[in-house]
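In: dropping the sequence and predicted coords here.
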Amino acid sequence: MLDFKLPEVGENIKSGNIVAILVAAGDVVKKDQPLLEMETDKASLEIPSPCDGTIKEILIKKGEDVKIGQVVMRIAEGKTSSSAAKATPKEATQSAPMATVAAAKESARSTPAVAPSQAAPAILPEAPVDVPAAPSVRRFAREIGINIAQVPGTSAGGRISIEDVKAFAKALNTGRAAMAPAGAAAKPLPDFSKWGVIDRRPMSNIRKKTAEHMSFCWSTIPHVTQFDKADITGLEQLRKKFSTPDRKLTVTPFLLKVLAAALKTFPEFNASIDMTAQEIVYKKYCHIGVAVDTDRGLIVPVLRDVDKKTIFQLADELNRTAQRAREKKISLDELQGGSMTVTNLGGIGGTQFTPIVNWPEAAILGVSRAQWEPFHADGKPAHAPRFMLPLSLSYDHRLIDGANGARFLRWVCEAVEQPFMMELEK
Ligand code: CAO
C-alpha cells in the first residue's frame, strides 16, 4: 500500500488548493493518470498517479488547502507498476509531478505553436504550466483539440476560462482566428493616467477590421521579406513624358502592369495555400489590390484584370479608385478577390519597409521612395547617378521558397528597368 503524499510542485510552493478530485475509492488507475487538480498561487496543475494501482482511500476533500508532503490518498499498487512506481514512496511521490512540470516547460520551449488551422489533439503539446488556466479548462481544451497556450484569457489577470476556449474554437471554426484581437482586448493595459494625461476614443470600424485582419495575417502566415532596388531612370523619363495635368501617371500603374506579367511567370505568387485540404489554389485571373491611405485608415480596393488593361487605363482606374476610397464609395466586393497587393509608400517617403501579406493572398509588393543614387560600374568612379526604386516583397513562406522570392523580385526589377518593352497603349 502506497501512502501517496502531495509531491513537490515547484520552488517555494508549500501548499495548494484542491480544486477537483478526479478519482474515487475503488478506481483502478494507471501511472501518470491525473488524480487531483490543484491550484497554487503560481500555477494550476494536475497531480498524476505515481503508479498503476487501485485507489483505496481518499484523505482530502475538494476545496481543502493541502500541504506539500501531506498524505492525500492510499493506493494499492498494481502488479504492472513500472519501476518508477515501485520506488520508495518518497521518491515516487516527489519525482512524478516534477517530471510533468519539467516536461511541460520543455515542451513549451521546444514545440512551435500549432497553427490554428492545424490544431489537432494528437499533436498538441502539453500547455506550459504558467498558462493561467484551471486544469479542467486545460483538459477541455485538450479534448477539443485546442492548444491552450494560444487562447487569450479574458478573466482577471488574463486567466483563461472555458468560455474563452469555446470562443477561440468558434473563431477557428468560422475560419476567423480572432485570437489576436481578442488577446489584445484580453490583456489589460496598465493605467497610463498614472504617468500623464490620456484620452480614450472608440476604435473606428476600419481600425477594428484592420487590427483583426492584420493580426490574423501576421499570426497565420510565416513571412519573409526580400529587398531589392530597380533602376527606374528610364521609366522616370517615360513617366514624365506621358504625364499630363489631366492624367497623373505615377510609378504605381507601371508596377501593376509588371506585376501582372510576373504573376503569369511565377504562378505560385498568384495562389493561395489551403492547409485544411492540403492543396494549393492557383488563380487564372489577375486582380491586384492597391493599398490606399485614407483619412479613415487603410483600404485595399482590388483592380480587376490588370493583365488586360493598358498602363493608361490602369493609371485612370487607380486615380478614380483611390479617390472613391477616400470618399467612402468602395463596396465590399471591390475589396475582395485579389491575386496580390501593391503598397506604395514612396509618395510619403522611407527607404524600405516590410509589408504584411494580405491573406488569403501569397505576396505583397512594398514600394518605397525612389532616390537618385551614385552608380559605379565595375568599381570605377561614379557615372551619372541613377534613379533607384526600393522594393520589398513579403511572401508566404509556406508556399514560396526563398530562392523564388528573390527570383520574382529580380524579375520585377529587370522588367521595370526596360520601360521601352512596356506597351503603354495596349
Ligand atoms: N517614389 C518616389 N515618388 C513617388 C513614389 C515612389 N515610389 N510613388 C509616388 N511618388 C510620387 C508621385 O509621382 C507623386 O508625385 P507628384 O506629386 O510630383 O506628382 C507623389 O509621389 C504622390 O503620388 P501618389 O502616392 O498620390 O500616387 P500613386 O499613384 O503612386 O499612389 C496610392 C496611389 C493610392 C497608392 C497612394 O496615394 C497611397 O495611398 N499610398 C499609401 C499606401 C499605404 O498607405 N500603404 C500602407 C499600407 S500598409 O502596408
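Out: Arrived safely.

In: and whichever strand or helix holds residue 312, which residues are buried?
Out: According to DSSP states H and E, residue 312 maps onto helix 311-326. Residues of helix 311-326 classed as buried: 311, 313-319, 321-322, 324-325 (neighbour count, 16 or more other C-beta atoms under 10 Å). Where you see a C-beta, it was placed from the backbone N, CA and C, and this is true even at glycine.

In: just stretch 285-293 next, same as before
Out: If you call a residue buried by 16+ other C-beta under 10 Å, then stretch 285-293 has these buried ones: 286-293.

In: contact partners of it?
Out: For stretch 285-293, contacts defined as C-beta atoms under 8 Å, 6 or more residues apart in numbering pick out 252, 256, 259-260, 263-264, 270, 298-308, 318, 321-322, 325-326, 335, 337-344, 348, 355, 358, 361.

In: so which of those residues belong to strands?
Out: Taking DSSP state E, the ones among these that sit in strands are 298-299, 302-303, 340-344.

In: which ones, among these, also lie beside the ligand?
Out: Among these, the ones lying near the ligand by C-beta under 6 Å from any ligand atom are 298, 343-344.

In: for the residues you listed, which one is nearest residue 386?
Out: residue 344 (19.6 Å; C-beta to C-beta).

In: the nearest residue to the closest one once chain neighbours are set aside and the ligand, how far apart?
Out: Computed as C-beta to C-beta, 6 or more residues apart in numbering, the closest residue to residue 344 that is not its neighbour in sequence is residue 367, at 4.0 Å. From residue 367 across to the ligand, the span is 5 Å (C-beta to the nearest ligand atom, to the nearest Å).

In: ok, residue 367 touching residue 389?
Out: Yes. Between residue 367 and residue 389 there is a contact under C-beta atoms under 8 Å: 6.8 Å.

In: going by proximity to the ligand, name the top residue of the stretch 251-400 of the chain.
Out: Using C-beta to the nearest ligand atom, the closest approach of the stretch 251-400 of the chain to the ligand is made by residue 346 at 1.9 Å.

In: assign that residue to helix, strand or coil.
Out: coil (DSSP: H, G, I helix; E, B strand; the rest coil).

In: for it, give me its contacts.
Out: For residue 346, the contact set (C-beta under 8 Å, 6+ apart) comprises 251, 367-370, 389.

In: just residue 305 next, same as before
Out: By C-beta under 8 Å, 6+ apart, residue 305 lies in contact with 285-287.

In: as CSV, those residues with secondary structure would be great.
Out: Shown next, in CSV, are the contacts of residue 305 (three-state DSSP):
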residue, secondary structure
285, coil
286, coil
287, coil
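
In: quick one: the helices in the stretch 1-150 of the chain, in order.
Out: 89-110, 135-143 (DSSP state H, counting those that start in this stretch).

In: comparing these, which yields the minimum mean pLDDT?
Out: Of all those, helix 89-110 carries the lowest average pLDDT, namely a mean of 31.

In: mind listing what residue 26 touches?
Out: Residue 26 neighbours (C-beta under 8 Å, 6+ apart): 54-55.

In: please apply the same query to residue 61.
Out: Per C-beta under 8 Å, 6+ apart, neighbours of residue 61: 18, 21.

In: up against the ligand, what does the stretch 251-400 of the chain have?
Out: For the stretch 251-400 of the chain, the residues in contact with the ligand (C-beta under 6 Å from any ligand atom) are 251-252, 290-293, 298, 318, 322, 343-347, 355, 367, 369-370, 389.

In: try 5 Å
Out: 252, 291-293, 322, 343-344, 346-347, 355, 367, 369-370 (C-beta under 5 Å from any ligand atom).

In: am I right that residue 225 is in contact with residue 394?
Out: Yes. Assessed by C-beta under 8 Å, residue 225 is found in contact with residue 394 at 4.5 Å.

In: show the pLDDT at residue 164.
Out: 84.

In: would you agree it is in contact with residue 158?
Out: No. Contact criterion C-beta under 8 Å: residue 164 and residue 158 do not qualify, at 9.6 Å.

In: disregarding flanking residues, what is the spatial nearest neighbour of the residue of the stretch 251-400 of the chain closest to the ligand?
Out: Using C-beta to C-beta, 6+ apart, the nearest residue to residue 346 is residue 369, at 4.3 Å.

In: so residue 52 touches residue 32, yeah?
Out: No. Applying C-beta under 8 Å, one finds residue 52 not in contact with residue 32, separated by 9.5 Å.

In: for whichever residue of the stretch 101-250 of the chain sits closest to the ligand, give its distance to residue 229.
Out: Scanning the stretch 101-250 of the chain for proximity to the ligand using C-beta to the nearest ligand atom identifies residue 250 as nearest, at 3.5 Å. Using C-beta to C-beta, to the nearest Å, we find residue 250 at a distance of 18 Å from residue 229.

In: for residue 229, which non-adjacent residue is closest in space?
Out: residue 388 (4.7 Å).

In: who does the helix or strand harbouring that neighbour pair up with?
Out: Per DSSP H and E: residue 388 is located in strand 383-396. Applying DSSP bridges to the sheet, strand 383-396 is found paired with strand 223-231 (antiparallel), strand 363-367 (antiparallel), strand 371-375 (antiparallel).
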